[in-house]
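Chemist: Quick one: sequence and predicted model below, then my questions.
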Amino acid sequence: MHLYLGHNPRTLYLVTGSHDERKGRPPRVLVFRAAEKNVAQVIVEFLPKDEVNLTNAVRLTSRVIKGCLGLISVENDTFLAVVSSATEIGNTRPSGSEPESVAKIHEVLFYCITSHLWDDFTASQDTLLSPDNVDALMTRDHYSQSTTPPVFEHPCVPLTKILSSGSFYYALEPTWDLSSRLPARLARDRTSAHDIGIFDERFVWNEYIVRSLLNFRERLDTLEKEELDKCQFIILAIQGYVGVSTMALPAPPVDGAPVIATLSLISRLGWRRAGTRFNTRGVDDDGNTANFVETETILTTDQHCVSYTQVRGSVPLFWEQQGLQTFGQRIQITRPHASQPAFERHFAHLMEEYGATHAVNLLGSKENEAILTSAYAKHLQLARGIWGDELSITHYDFHNAVRIGGHDSVMRDLCRLEGINNNMERYGFTMCDTSTDDLITEQKGVFRTNCLDCLDRTNFVQDIFSRRALEQYLSLVHREWLQAGMLWAHHRELWAENGDALSRIYAGTGALNTSVTRTGKRTLAGVLSDATKSVSRAYINNFQDKGKQIAIDMFLGNMNSQRQVNIFDPIHDSVGKALQQRLSEYSTTQSCSIFAGTWNVNGRLPSSESLLPWLFPRDNFLEPDIFVLGFQEIVQLTAQQIVQPDPERKRIWEQKVMETLERRPQRTCDYVLLRSEQLVGTALLVIVRSDLTAVIRNVEGAARKTGLRGMSGNKGGVGVRLDYYDTSFCFLTAHLAAGHSNVEERNADFATIVNGLHFQKGKTLSSHENIIWLADTNYRIGLDNESVRALSEADDFDALVAADQLRQAIDNGDAFAGYEEGPLLFRPTYKYDLGTDNYDTSEKMRVPAWTDRILFKGRFDLAVYSRAELKSSDHRPVFALFRSEVRIIDVVKRATLSRLLLENTVAAIPGEKLDEKLASLVLPDDHSELPPPSTDDDAWWNRPEHPKGIFPLSIAHLLESDTTNPFDSPEESPPFSSSPSSSDEELYSHAMALQSPITPVRKPPPPPRSRYTEAGS
């Protein structure tokens, strides 16, 4: 196919060529042009070729276009992504009824639909990226952010480099789905098997940018849809590795002809927590892990096709590596007490998809890895309370085993480990008949392997598991092939290439230990190669990967400010507008309470003084849902601490706070530390009720230095953001510039934090609905010392507030514009002599001031704003009690309402007032009485009216129900098909004689919400 550009209006035409038509593809054109009023909306038409006049159109590239990946909006322009170069890898299953061939993408180009500004961008058109240049592409600094970018650089250059890296693949034939493993494809009916709209969403990397085209396809009639598929305009791409090897293996002595066998390896990298090595670790709140890969080994012979699947993924806890990372990597478990819900969601996904799961943890005994191993074991033991023996784990210190016995010892050890050996036999493999595609046996479980990066050690062990599975098959069917050196040589080579490919994607270089994988031996050349790769990884991961991470997030639609391109459809636009106006019908609100406190502790450790007067200042208030505590100067601001702050001080304060919460009188709930962040002496703790951890998601931390013009952390801000149900919150603590007269510096610090504090995926402060600052702002009172002290002693606050520098800055719009603060009805909190109620009597005699403040923006009701009388610092702690509401969106109701609106819009009669019709629609009653979501501690079936989940049956209720028995056979059914069951009364009597209901077991957390749950939206 070819790509043309037309003008007046600007239009792109994707046209089938004569070569396509000789292959039996219909002569068609896919037309793209921008909508007039909406930059992120495109008009798409699917037309016969003879109905489109291309006389005045210009062919944009001489290359043959393989297909399009989708539409993306970048910098207020809309682009069409097309594959301009790809090579065939081979047929992964030659014995299938239809070819299952794969192509590797070498080049992707982006053409603008909305503007002519980028029409002269020809660099990527003239220089084809060869497969041999993949390593150079991935290791050179293509993503570094220069302070002087080239003039008119194409905005899609970062995307082009990622997609043209040689790590993306697609199915050459529209009749098969590369994203799904063999048993999943064979389980589909024949119609679904040939529908490109059915795929494994976890592994299709262009799902975000192709979604609008797939929705457009669904709105076509059946014939048009079939023709669109035959044209192969739409490409669904996976990232990872695909390798195919064909070989001749000895056959039984019948005719002497060898058997031609094909060995394929397909690794599918998940995109839901995609990113680079140090930027993406652990798990997210939906249970998706970094570097999650499903790898399928496929052996095809003249009789059978054998498939064996295993997965890898980062340790499914909240952990990360911040700052500059060298060879001694620093690991921080960011939510040690709130990881269980996400951990269980992860394994719930695996169990649902693959069945029983056995985790193989290859982490070592070094301090950082040992911390992860310990937490992993603890969380998995708790999860076994849900799944029992269906979930298990083996801990194997790979590095220690290699150090003692070499790489050969790993294979021997793994074969002897009981958990692995037993489950290898138990899980088996998938096998189907090549002539009929009928399943003979199916794999019943999966091994989930991890190390720290899930690259080198993991690949080595997965190679062993793959060989063990093939040996199981061969021992049953072709024992003579167990010693076939050709088969195992190809197997080793495929796994070595797989390790290199996955390592280049995640870490920027080829894998370590590939010389052992290829040859079975550790060579000097391999050792030198591994050392070079390690140094390269350290440089790439620390200095280049942040720019690459941004490009990945942009491609996947993860950037907070990003808008998905929609294809113009007035019907769906009307439904979307009506749906937004009726938000209250498919959502509810729930009240929440938040305690915010700030305290400059003057570099001191906790004393024997109780924190209860600060944390629980009012007896008549319920225990808050969330505690947000900001500390300043938790370490002495010395040069050594500024360069290398001591995290132990923060841990001591965390311990003091948590002990206070645990030992408080009249305790009715438990609290867990959700997240803590530190920037030198500034620290922020977010503590939540333990029963809320399952509904608080997307927790992130960030920091911004302001000292020495942003280079030093002695001053600066720390933020933590989260989503509580479907409402976003951001909490910040800060320590602004000191000095009585340095108002402009404080204003500048505020601006630096607001503009420079960035969370993942492009989120900033303005991205949040609710924001609370709790800080040592250092703003002073602009009066002389004697007046301030006298007015403070007299509790005459009006005159002090009038001279308060922060209030003046807010009124002038110099800082904290748009923020609110409660009334200052307490004495200035700074500066006191330690242990006394006396303002500073030292030589400096500092002027008292309200330096410690709490400000907020969003939907908050402020209940209390005051200070606590703790005397172990020269500042008094300040606190505020807030009430707010969080919104809970019912995705089932939303999808139902969306479907109802769509059906009525489509059925509208010409001349009918559509707005009035849609406004009059109501949801069916059966969607309005759902119970509230359950938690580990509060289940809808366990209420006072139903203790222990016992629901007494009423015979009257049974008799009032539908008189027909849904299990009765139709009247025309033969007599023997009817069930000789007892009467309703007998069944009821029998039911009442049964034992009491078993107490419900703890269930895994609810599954994550899909990005595309709305029907028809």
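Modeler: Okay, I see it. Just so it is clear, the model here is predicted, and its values are computed rather than measured.
Chemist: thinking residue 722 is in contact with residue 674, fair?
Modeler: Yes. Using CB atoms under 8 Å, residue 722 is in contact with residue 674, at 7.4 Å. Yep, even glycine has a C-beta here, placed from its N, CA and C like the rest.
Chemist: higher neighbour count, these two?
Modeler: More crowded of residue 722 and residue 674, by other CB atoms under 10 Å: residue 674, with 26 against 22.
Chemist: what sits against the more buried one?
Modeler: Neighbour list for residue 674: 335, 337-338, 686-688, 693, 696, 699, 722 [criterion: CB atoms under 8 Å, 6 or more residues apart in numbering].
Chemist: mind giving me the domain ranges of this protein?
Modeler: Domain assignment for the chain, taken from the TED database, gives 1-127+154-235, 240-477, 588-889, 890-922.
Chemist: same question for the longest one, mean pLDDT?
Modeler: It stands for domain 588-889. In this model, domain 588-889 has an average pLDDT of 92.
Chemist: how far does that domain stretch from start to finish?
Modeler: 7 Å (CA to CA, to the nearest Å).
Chemist: Likewise for the last one?
Modeler: When the termini of domain 890-922 are compared using CA to CA, they are 15 Å apart.
Chemist: does the residue lying closest to residue 387 once chain neighbours are set aside sit in a helix or strand, and which one?
Modeler: Closest residue in space to residue 387, ignoring its immediate chain neighbours: residue 351 at 6.3 Å, by CB to CB, 6 or more residues apart in numbering. Using DSSP states H and E, residue 351 falls within helix 340-354.
Chemist: counting contacts, what elements does whichever helix or strand comes after that helix pack onto?
Modeler: Using DSSP H and E, the helix or strand that follows helix 340-354 in sequence is strand 356-361. On a contact count with 3 or more CB pairs under 8 Å, 6 or more residues apart in numbering; DSSP states H and E, strand 356-361 meets helix 340-354, helix 367-387, strand 391-395, helix 418-427, strand 445-450.
Chemist: Where does pLDDT dip in the stretch 301-450 of the chain?
Modeler: 322-329 (pLDDT under 70).
Chemist: Let's see that with 90 instead.
Modeler: The stretch 301-450 of the chain contains residues with pLDDT under 90 at 302-303, 320-339, 365-368, 406-408, 415, 435-437.
Chemist: how near is the residue nearest to residue 387 to residue 264?
Modeler: According to CB to CB, to the nearest Å, residue 351 stands 27 Å off from residue 264.
Chemist: Which of these two has more residues huddled nearby?
Modeler: A side-by-side neighbour count of residue 351 and residue 264, using other CB under 10 Å, places residue 264 first with 26 against 20.
Chemist: Look up phi and psi at the more buried one.
Modeler: Torsion angles at residue 264 (phi, psi; degrees, to the nearest 10) stand at phi -120, psi 150.
Chemist: what do you get for the one 4 residues further on?
Modeler: When quoted as degrees, to the nearest 10, the phi and psi of residue 268 stand at phi -110, psi 110.
Chemist: that older thread, using a markdown table, lay out the contacts of residue 674 together with secondary structure and distance to residue 577.
Modeler: Output for the contacts of residue 674, formatted as a markdown table (DSSP: H, G, I helix; E, B strand; the rest coil; distance: CB to CB, whole Å):
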| residue | secondary structure | distance to residue 577 |
| --- | --- | --- |
| 335 | coil | 38 |
| 337 | coil | 43 |
| 338 | coil | 38 |
| 686 | strand | 36 |
| 687 | strand | 41 |
| 688 | strand | 36 |
| 693 | coil | 36 |
| 696 | strand | 31 |
| 699 | strand | 33 |
| 722 | strand | 30 |
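Chemist: rewinding a little: thinking the residue nearest to residue 387 is in contact with residue 345, fair?
Modeler: No. Applying CB under 8 Å as the test, residue 351 and residue 345 come out as separate, 10.8 Å apart.
Chemist: ranking the helices and strands packed on strand 356-361 by burial, who's on top?
Modeler: Mean neighbour counts were taken over these using mean count of other CB atoms under 10 Å, and the top value, a mean of 24, falls to strand 445-450.
Chemist: Check which helices and strands it sits against.
Modeler: Using 3+ CB pairs under 8 Å, 6+ apart, strand 445-450 sits against strand 304-312, helix 340-354, strand 356-361, helix 418-427, helix 456-477.
Chemist: Would you tell me what helix or strand residue 159 is located in?
Modeler: helix 157-163.
Chemist: Each with direction, which strands does the helix or strand just after that helix pair with?
Modeler: Tracing the chain past helix 157-163, the next element assigned as helix or strand by DSSP H and E is strand 168-171. Using DSSP bridges, strand 168-171 pairs in its sheet with strand 101-112 (antiparallel), strand 237-249 (antiparallel).
Chemist: so can I have JSON lines of those strands showing distance to residue 868?
Modeler: Output for those, formatted as JSON lines (distance: least, CB to CB, whole Å):
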{"stretch": "strand 101-112", "distance to residue 868": "57"}
{"stretch": "strand 237-249", "distance to residue 868": "53"}
